[in-house]
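> Sequence and predicted model, in that order:
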Amino acid sequence: MADIDSFQTEKRRFKPHASFAKQANLTAAEFKKLTALAAKSPDKYWAGRAEDLRWMRKWKKVCDWSEAPFAKWYVEGQLNASDNCLDRHLETWRRNKAALIWEGEPGDTRVLTYADLHRETCRFANVLKGLGVRKGDRVTLYMPLVPELAIAMLACARIGAAHSVIFGGFTSQAIADRVEDAESAVLVTADGGWRRGSVVPLKTNVDEALTKTDKVKKVVVLKRTGQGVTMTNGRDFWWHDLMKDASAVCEPEPCDSEQMLYILYTSGTTGKPKGVVHTTGGYMTWAHTTTKWVFDLKDTDTYWCTADIGWVTGHTYVVYGPLSNGATVLMYEGAPNWPANDRFWQLVEKYGVTILYTAPTAIRAFMKWGDEWPGRHDLSSLRLLGSVGEPINPEAWMWYQKVIGGGRCPIVDTWWQTETGGILISPLPGVTATKPGSATLPLPGIFPEVLSNEGQPCKADQGGLLAIAKPWPSMLRTVYRDPERFKKQYWSNFAGKYFTGDGSRKDKDGYVWIMGRVDDVIKVAGHRLGTAEVESALVSHPKVAESAVVGKPDEMKGEAICAFVTLRGGSEKTDALKKELQEHVAKTLGSFAKPEMIRFTDALPKTRSGKIMRRLLRKIATGDGTLGDTTTLEDLSVLAKLREDEE
Ligand code: PRX
């Protein structure tokens, strides 16, 4: 896996502007001091971070790592995440400050102040209680990007229930699997959501999913799009009916620091998605701190993270981080190119967005659409730009900096994962000199290492595997109901160190350059997908015997999905069948998981132990002639055949 070659030679660097540095939340001197403190007295450093939150009971111990890799942070402390995001601000001038400015894709708008958001959260918390939800229960949320999704999350947190949010782009099988694993008795959804002018039939997807699992007993349905939906008597309830009489008084439940705040399912190397577990105290501490430092968030900012809340970026940097800081958060429901390619820039101008946090895949799309779209709008309100989710190529970085940031805005290329809970490697905008394409340096208290397969530190500029050497408060605690998988997946490669699954190198200045995943996870338009999940979706089609899925580099989406498919006897290899299989995956998992290319093959290349040789398939998919060592191939003719077909 290791010994990854790196061919990038990026020489440009950008120092922070003095004017930005002067007003930054974290100065270079503080950064230096905190970095040293974190190395020397970690408990003192981490205690300082947690003191920014409101605790109901102070912790007794900062970090308990005695049962590693199962960490406990702020042991015996008590707090409530919704209290920190809402109630805390009501006692200040922020009471009537806009918490959420929301715009739907059709152009409808709503503004919720902190007092509004608090009231709606309390009411929905009472609705959940009325449906029988208790502390420790898991509630599944499958919703469009509307304020009610944030309200439902905060309502769960308020009563000590864990939420499991499922991205609205997933369809029935993905919902059924996640509900089944989380054992959710209550599911909250909407009739639909808007995407590129069409309705995403969320409730219909739920109805289909619930034919595959009997775990869910009650479904709450928000009316968003207004099309007809089927309501099952006794199981399905309209959000507005339940909210009508719900009391706006609901005290936040004191939660243990290690109380589960949420599960977020993410793709791994097997077909079964992993339920990444985050707990309250440590997660909130790092969400709060990183938002303040990395985005330099101020009370005067209008902050927009364009991520869907269905992904971790939305959890940490749309909801918990910004709201715990009392920010004004913009939320936009729909697509960046609806009704035209300048929707984002229209929104930036309309609301005077000051901080924009988006994904390289979006930036590359904007680049392709042309400078005239942002050129039509006044983007001078922007003062900081962020990037997340996949490596950003230097060209896209430069374009973002020039065309969107007007050369004036620092760019924070933030590296992190669902599992890390918050940003671990990123420039600090008033402190770190940036190099286009590098996530730069770790935040204070984070100790990334680039290691060889054997766990030896790699030399400068030598590619290797990225690990994190010490625990941090927002690290995942386990894989839900699968502690063995947690140990094996993250802690078995390097003793005592967290393995990220990413390849990377550090340059001579210690800057980290992420080179992408080294496992069977692919990143399509920033969305994380396990090859095994797409393979299972393909194999669930009656004509498919076996399949192997690999990612191939794609200029726009980062990676595109290529599927090699072996058909069952008697099935004909037709283009119509290829289309049918693509649609089948879209229907089973969601259209973002649709393979771009399908190739029929009589057999798949395997090692003697029966493992599919993805490395070879990847090369075939990209048309690379140098196939390297194939001595372990069980049947060389299989490979020859695949290559012949190509010609
Ligand atoms: O490969 C890395 C890539 O995204 C993976 C994590 O995906 P996910 O859990 O979906 O979380 C995405 C949002 C935090 C990582 O293992 N990745 C994330 N950020 C970056 C990145 N790759 C390069 N540069 C980044 N800034």
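Nice, I can see it.

> List the buried residues of the helix ranked longest in the chain.
When the chain is parsed with DSSP state H, its longest helix is helix 114-130. The neighbour-count check on helix 114-130 (16 or more other CB atoms under 10 Å) flags 114-129 as buried. From N, CA and C alone the C-beta is placed, and that goes for glycine too.

> hmm, who's touching stretch 100-112?
98-99, 117, 120, 146-147, 150, 194-197, 302, 328-335, 338, 347, 351 (CB atoms under 8 Å, 6 or more residues apart in numbering).

> Which of the residues you listed fall in helices?
Those of those lying in helices (DSSP H): 117, 120, 147, 150, 347, 351.

> ok, the nearest residue to the second one once chain neighbours are set aside - contacts?
If the residues on either side of it in the chain are set aside, E120 comes closest to I151, at 4.8 Å by CB to CB, 6 or more residues apart in numbering. With contacts taken as CB under 8 Å, 6+ apart, I151 has the following neighbours: 117, 120-121, 124.

> Name the next helix or strand downstream of the helix or strand where Q173 lies, please.
If you go by DSSP states H and E, Q173 is part of helix 172-182. Using DSSP H and E, the next helix or strand after helix 172-182 towards the C-terminus is strand 186-190.

> quick one, that next one and helix 114-130 angle?
130 degrees (axes from the mean of the first three to the mean of the last three CA atoms, to 10 degrees).

> Taking their axis directions, strand 186-190 and helix 172-182 sit at what angle?
Using the same axes, to 10 degrees: strand 186-190 against helix 172-182 is 150 degrees.

> Contacts made by strand 186-190 with the rest, please.
128, 131-133, 137, 139-144, 146, 148, 152, 179, 202-203, 206, 210, 216-225, 239.

> out of those residues, which are inside helices?
128, 148, 152, 179, 202-203, 206, 239.

> Which of those ranks first by neighbour count?
Of all the ones in helices among the contacts of strand 186-190, the most densely surrounded is A152 (28 neighbours; neighbours counted as other CB atoms under 10 Å).

> Take the contacts of I151 and write them to a markdown table, including distance to the ligand.
A markdown table is the format used below for these (distance: CB to the nearest ligand atom, whole Å):
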| residue | distance to the ligand |
| --- | --- |
| L117 | 24 |
| E120 | 27 |
| T121 | 25 |
| F124 | 27 |
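
> Take the residues you listed and lay them out in TSV including distance to V512 and pLDDT.
Listed next are the contacts of I151 as TSV, based on distance: CB to CB, whole Å; pLDDT from 0 to 100:
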residue	distance to V512	pLDDT
L117	36	98
E120	41	98
T121	38	99
F124	41	99
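
> Spell out which residues of the stretch 251-400 of the chain are next to the ligand.
266, 311-313, 388-391 (CB under 6 Å from any ligand atom).

> Which of these fall within strands?
266, 388 (DSSP state E).

> Now, of the contacts of stretch 100-112, which are buried?
98-99, 117, 120, 146-147, 150, 194-195, 302, 328-334, 338, 347, 351.

> Kindly report the domain assignment for this protein.
Here the domain assignment for the chain is 18-60+78-440, 521-646, based on automatic domain parsing.

> Mean pLDDT lowest where, among these?
Here the lowest mean pLDDT among those goes to domain 521-646, at a mean of 84.

> where does that domain sit relative to the chain's centre, distance-wise?
25 Å (CA atoms, centre = their mean, to the nearest Å).

> How about it and the ligand, touching?
Yes - shown here: domain 521-646 in contact with the ligand (CB under 6 Å from any ligand atom) through 523, 528.

> Going forward, the N-terminal residue is numbered 47.
From this message on, residue numbering opens at 47, which makes the last subject domain 567-692.

> circling back: which one among the ones in helices among the contacts of strand 232-236 gets closest to W92?
A198 (30.4 Å; CB to CB).

> so how far is R184 from that closest one?
Separation of A198 from R184 (CB to CB, to the nearest Å): 13 Å.

> follow-up on the earlier one: for the longest helix of the chain, name the packing helices and strands.
helix 134-136, strand 144-149, helix 193-205, helix 285-290 (3 or more CB pairs under 8 Å, 6 or more residues apart in numbering; DSSP states H and E).

> shared neighbours of A198 and R184, which are they?
H209.

> contacting residues around the closest residue to the ligand within the stretch 97-246 of the chain?
Nearest residue of the stretch 97-246 of the chain to the ligand: F213, at 10.3 Å (CB to the nearest ligand atom). For F213, the contacting residues are 354, 356-357, 573, 636, by CB under 8 Å, 6+ apart.

> quick one: it from I607, how far?
When F213 is compared with I607 (using CB to CB), they lie 17 Å apart.

> coming back round to it: could the ones in helices among the contacts of strand 232-236 go into JSON lines alongside distance to K589?
As requested, these are exported to JSON lines (distance: CB to CB, whole Å):
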{"residue": "L174", "distance to K589": "44"}
{"residue": "E194", "distance to K589": "41"}
{"residue": "A198", "distance to K589": "40"}
{"residue": "V225", "distance to K589": "28"}
{"residue": "L248", "distance to K589": "29"}
{"residue": "K249", "distance to K589": "30"}
{"residue": "V252", "distance to K589": "28"}
{"residue": "W285", "distance to K589": "41"}
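
> out of those, who's nearest A442?
L248 (32.0 Å).

> Check the gap between L187 and D260 for me.
19 Å.

> Which of those two has more residues huddled nearby?
Neighbours were counted for L187 and for D260 using other CB under 10 Å; L187 has more, 26 against 9.

> Regarding stretch 56-67, how distant is the last residue from the first?
Using CA to CA, to the nearest Å, one end of stretch 56-67 lies 24 Å from the other.

> sorry, back to before: now distance to P588 too, for the contacts of I197, in JSON lines please.
Formatted as JSON lines, the contacts of I197 follow (distance: CB to CB, whole Å):
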{"residue": "L163", "distance to P588": "48"}
{"residue": "E166", "distance to P588": "46"}
{"residue": "T167", "distance to P588": "46"}
{"residue": "F170", "distance to P588": "42"}
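
> So which of those residues is the closest to T316?
For these, the nearest to T316 is F170 (35.0 Å; CB to CB).

> For that closest one, which non-adjacent residue is closest in space?
The shortest distance from F170 to any non-neighbouring residue, by CB to CB, 6+ apart, is to A201 (3.9 Å).

> ok, the one you found touching A171?
Yes - here A201 reaches A171: they are 4.1 Å apart, a contact under CB atoms under 8 Å.

> Need the overlap of contacts for these two.
Joint contacts of A201 and A171 (CB under 8 Å, 6+ apart) are S128.
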